[in-house]
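K.L.:
The following block contains a protein sequence and its predicted model.
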Amino acid sequence: MDAEIDQLEHEVEKIYQQLDLSDDPELEKLVDENLKCRYRVQQLKMSIAKERAKPLDRMISVQAALSAHLQAAIRAAYPEAATVVKVQLTSSAKEEFGDYQCSNAMSLAKAVKLQPRQVAAAIVDKLEAGDLIEKTEIAGPGFINISLRRQPVIEELNRLLVHGVRPPPVDRKRRVIVDYSSPNIAKQMHVGHLRSTIIGDSVARLCRFLGHEVLALNHVGDWGTQFGMLIAHLKDRFPDYATKCPPIGDLQAFYKESKVRFDSDEQFKQRAYAAVVSLQRRDPDSTAAWKLICDASRKDFQRVYDRLGVENLVERGESFYQDLMTEVVDELKSGGHLVPDEGRLIMWPPGCDIPLTVVKSDGGFTYDTSDLAAIRQRLFAESADWLIYVVDIGQGVHFKGIFSAAEKAGWLNPAVARVDHVGFGVVLGEDRKKFKTRSGDTVRLTDLLNEGIERAGAKLAEKGRDKELTPQELKAAQEAVAYGCIKYADLSHNRNNDYVFSFDKMLDDRGNTAVYLLYAYTRISSIARTANLSPDQLLKLAKSPGITELQHPKEWKLAKQLLRFADVVDKLTQDLLLHSLCDFLYETACVFTEFYDVCYCIEKNRDSGEVIRVNHWRILLCDATAKIMKAGLDILGIRTVDRM
Ligand code: ARG
């Protein structure tokens, strides 16, 4: 474009020189206007240059860009065909297969009744090369092999080195609410809540990385009839609870005790019912007792969050929606959405086989009611336009009902706001049965995390790391490995499936595990240090013109792999399946190893060990790899260490 403008200017200049301006006021006026125009062109050119020099705040998605090109070509060649474009990075290392491959011609051929290769040719014929495509070739039964131009890849890598890892473009900035963790007061925070915490935290991190405004909510179960028995039991066990903080050490045991009494002692049961009523009436005594019980639980939960590095999680439990529930019921009633059913008031959300119970026969509210109040509050009062609920798959029917009801009630417009139930399967023990301790009890999260720390310590000792690292470094490494491996084991499996919890597998340093990735990361990020290059020097290098070379096939392969990050994140945005990010990071570590094995970064004299040559460009590729891995691990909530 710049060249075209220059050419035009040059021609205008020539015409000027041939003009005779004498005595032609009309012409003089035109020349004057023309001058003004040229001034504007100069201004525009300057602002374009300024715009180009700005750090791009989004990464380019190669796959998305190629897909768009191909989509346009297919549309031009076959306007009638409705196809979803399939473009993938070529798995073969052979250069003649190109870098990306499109396989649409095969399926299209059936629809248009032509030979696949003919179809491929027709698509290629309409394909605009754009900045990215060097050449295309039709291969085999009708694949379109696409070779990328080196220049845009080099430029993007340079931007990565200079401006850091940036997210791919998003359609618009959203206000996102992620509802996750959400354990229940006075009950065991179990492995299901651990899954919700790990997945939810990662989803929230992803959304923040994408540049959205995120509110992470802990929708704790802090309301309901069970509080009656807890309050009644507290009043009996610690009569002076109002003045002296009761030493409830083990809340679960406390819960069990009160449950036993509730089930066996009729008088206690009556007192428990009375306590519920007085709590709902906001009686100060019962409210104080309720608060004490919630506080004790909260402390337990917080310990788990602190260890896992879960921050910015705002507690907003079911109790928050108390008054809003009354409003919701009134609104649904006057909208004619509620029908009586054996004393209850229910709502049939369109497309659902099970109704929501909005008001119980005793006039009380349910889990359904509080989620209806919550979704309404989140859409209106919070003005959120993306709601994410990270809750086990078992609650799928519940959320389907809530989303459908919200649409029916006119609160949720799918064209404006997006809602996702991010479900997950159950955690199994190595015997493939429900995850339990040897004695058959539910596993306490604290015990589980403690075992992780112990096992990680043993693993590091087995490798002799305890002798190499300082005590602080060892502790940091132990925690990074322990919590990293628990998170990664969860996140690296398709969340929709059940997953088998196994410390042995997650601590294996050879497969697709956190330990492997953490080692790979420390190794890669230490290469620049070995070459005695500080981050500042690296930055200077990255800015020096012409530094980038991608001549070796393994350099090229690594570069393409690194740029895939934007596409992987882009896909994550759609499906919120975090295991694809894990797979990507593992592949990146493997592709890096392929590169590092054959491309020397630092060449040393074999005998003296003296550094003969530092291949700066390759060191920069190492740096880019470390940056991408770090960004990925950050999204997964996995802490890295410099030494381990
Ligand atoms: N407390 C619930 C449970 O343990 C999970 C709550 C999930 N969030 C929600 N908005 N319903 O099953």
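P.N.:
Right, received. Where do you want to start?
K.L.:
C-alpha only now, for contacts and for neighbours.
P.N.:
Noted.
K.L.:
Following element in sequence after whichever helix or strand Lys560 is part of, please.
P.N.:
With elements delineated by DSSP states H and E, Lys560 resides in helix 553-575, which encompasses its position. Counting by DSSP H and E, the element after helix 553-575 in chain order, helix or strand, is helix 579-598.
K.L.:
Would you mind pulling up the elements that that next one packs against?
P.N.:
Here helix 579-598 is seen to pack against helix 471-491, helix 514-530, helix 553-575, helix 616-636 when contacts are counted using 3 or more Cα pairs under 8 Å, 6 or more residues apart in numbering; DSSP states H and E.
K.L.:
In CSV, list the C-alpha atoms belonging to the last one.
P.N.:
Written as CSV, here are the backbone C-alpha positions of helix 616-636 (Å, rounded to 0.1, in the frame of the first residue of the first chain):
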residue,chain,number,x,y,z
HIS,A,616,22.0,-15.5,19.5
TRP,A,617,19.0,-16.2,17.3
ARG,A,618,18.6,-19.6,18.8
ILE,A,619,18.9,-18.3,22.3
LEU,A,620,16.1,-16.0,21.4
LEU,A,621,14.0,-19.0,20.3
CYS,A,622,14.7,-20.6,23.7
ASP,A,623,13.5,-17.4,25.3
ALA,A,624,10.3,-17.4,23.2
THR,A,625,9.7,-21.0,24.1
ALA,A,626,10.1,-20.2,27.8
LYS,A,627,7.7,-17.3,27.5
ILE,A,628,5.0,-19.3,25.8
MET,A,629,5.4,-22.1,28.4
LYS,A,630,5.2,-19.7,31.3
ALA,A,631,2.1,-18.1,29.8
GLY,A,632,0.4,-21.5,29.4
LEU,A,633,1.4,-22.7,32.9
ASP,A,634,0.1,-19.4,34.3
ILE,A,635,-3.3,-20.0,32.8
LEU,A,636,-3.3,-23.4,34.3
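K.L.:
ok and that helix relative to helix 471-491, angle-wise?
P.N.:
With axes from the mean of the first three to the mean of the last three Cα atoms, to 10 degrees applied, the angle from helix 616-636 to helix 471-491 works out at 70 degrees.
K.L.:
Mind listing residues that contact helix 616-636?
P.N.:
With Cα atoms under 8 Å, 6 or more residues apart in numbering as the test, helix 616-636 has contacts from 157, 160-161, 164-165, 201-203, 205-206, 209, 487-488, 491, 521, 524-525, 527-528, 538, 541-542, 547-549, 555, 559, 562, 565, 578, 581, 585, 588, 592, 599-601, 639-640.
K.L.:
re earlier: which one of the helices and strands packed on helix 579-598 lies closest to Pro141?
P.N.:
Ranking these by distance to Pro141, with Cα to Cα as the measure, places helix 553-575 first at 25.1 Å.
K.L.:
Could I get the buried residue list for the closest one?
P.N.:
Going by neighbour count (16 or more other Cα atoms under 10 Å), the buried part of helix 553-575 is 554-573.
K.L.:
in this protein, what spans have low per-residue confidence?
P.N.:
Under the criterion of pLDDT under 70, the regions of the chain flagged as low confidence span 1-8, 12, 16-17, 21-22, 46-55, 93-95.
K.L.:
Close to the ligand: what parts of it are there?
P.N.:
Proximity of the chain to the ligand (Cα under 6 Å from any ligand atom) is limited to residues 179, 182-184, 219-221, 371, 391.
K.L.:
repeat that for 8 Å
P.N.:
With Cα under 8 Å from any ligand atom as the criterion, the chain meets the ligand at residues 179-184, 193, 218-221, 367, 370-371, 374, 389-392, 395, 399.
K.L.:
In the stretch 201-350 of the chain, what residue lies closest to the ligand?
P.N.:
Gly221 (4.6 Å; Cα to the nearest ligand atom).
K.L.:
Grab the nearest non-local neighbour of that residue.
P.N.:
What sits nearest to Gly221 in space, not counting adjacent residues and going by Cα to Cα, 6 or more residues apart in numbering, is Asn184, at 4.2 Å.
K.L.:
how many neighbours does that neighbour have?
P.N.:
Residues within reach of Asn184, counting by other Cα atoms under 10 Å, total 21.
K.L.:
Now do the contacts for the spatially most central residue of the chain.
P.N.:
The residue at the geometric middle of the chain, judged as the C-alpha nearest the mean C-alpha position with Cα atoms, centre = their mean, is Leu206 (3.0 Å). Leu206 makes contacts with Ile635, as judged by Cα under 8 Å, 6+ apart.
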